[in-house]
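Undergrad: my questions are about this predicted structure, shown below with the sequence.
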Amino acid sequence: MKHQILKLDQAGQPFDWISAEDAITYHAKGLVAWQLGDIDHLAFRGGDNRVTGEQSRIVTAPIIAVKGERGSGKRANRVPTLSNRELFARDRWTCGYCGKMFHESKLTRDHIMPVSRGGLDVWTNVITACEHDNHKKDDKTLEEAGMELLFVPYTPNRAEHLILRGRKILPVQAEYLAQFIPESSRAHQVLTELTNLH
């Protein structure tokens, strides 16, 4: 199983998902400011010390704060990259027109204001749609198609985006990220679903 480690900036702001190998590299370089969760989440063993004969061992927790990383700059405020996988997770795999849940393979990205009419490919202009409703709406506005949105699209913040990108989020990671998202966010339900898959 691939382990994902939640990387924080040194002030504790969520920064990114990294591999266990990357986390161990930060430890080996002395760049981990602090960590949360089971300290022996992952242990990597190295070679034997010629003098003592002891095998080297580096351990990491599921959440690490990295020295020198600062989330207050441009990168922290950058709009998250839009992808279908994260869009479908944002909308909980639910069509924004009929309200039914579908498997990811049966979902599409629909532009509320069609691109051909000047609409942009941005979080606030896209909604998850089933193939039927996307075809029905086609290249029309909502009014022209006689359709209504069941929920309002939004741009996720950094923590929400990490939740949407996460695969198997550990409970300690879910609890940490939850404090950075609004109570009204649908990402809380995504967190519950992802942690139940673990």
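TA: That came through fine. Numbers count the residues shown, from 1 in each chain.
Undergrad: would you mark the buried spots in whichever strand or helix holds residue 85?
TA: Per DSSP states H and E, residue 85 falls inside helix 84-90. In terms of neighbour count (16 or more other C-beta atoms under 10 Å), helix 84-90 has its buried residues at 86, 87, 88, 89, 90. For glycine as for every other residue, the C-beta is placed from the backbone atoms N, C-alpha and C.
Undergrad: just to be sure, residue 161 is in a helix?
TA: Yes - judged by DSSP: H, G, I helix; E, B strand; the rest coil, residue 161 forms part of a helix.
Undergrad: just to revisit the earlier point, same list, the buried residues of helix 84-90, but as JSON lines with distance to residue 31 and pLDDT please.
TA: As requested, these are exported to JSON lines (distance: C-beta to C-beta, whole Å; pLDDT from 0 to 100):
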{"residue": "86", "distance to residue 31": "28", "pLDDT": "91"}
{"residue": "87", "distance to residue 31": "33", "pLDDT": "94"}
{"residue": "88", "distance to residue 31": "35", "pLDDT": "94"}
{"residue": "89", "distance to residue 31": "30", "pLDDT": "88"}
{"residue": "90", "distance to residue 31": "32", "pLDDT": "90"}
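Undergrad: among the residues you listed, pick out the one closest to residue 101, please.
TA: residue 88 (10.2 Å; C-beta to C-beta).
Undergrad: so residue 148 touches residue 133, yeah?
TA: No - with contact defined as C-beta atoms under 8 Å, residue 148 does not count as touching residue 133 (11.1 Å).
Undergrad: between these two, which contacts overlap?
TA: Shared contacts of residue 148 and residue 133, defined by C-beta atoms under 8 Å, 6 or more residues apart in numbering, comprise residue 97.
Undergrad: what about these two, which has more around it?
TA: Regarding residue 148 and residue 133, a neighbour count based on other C-beta atoms under 10 Å identifies residue 133 as having more, with 19 against 9.
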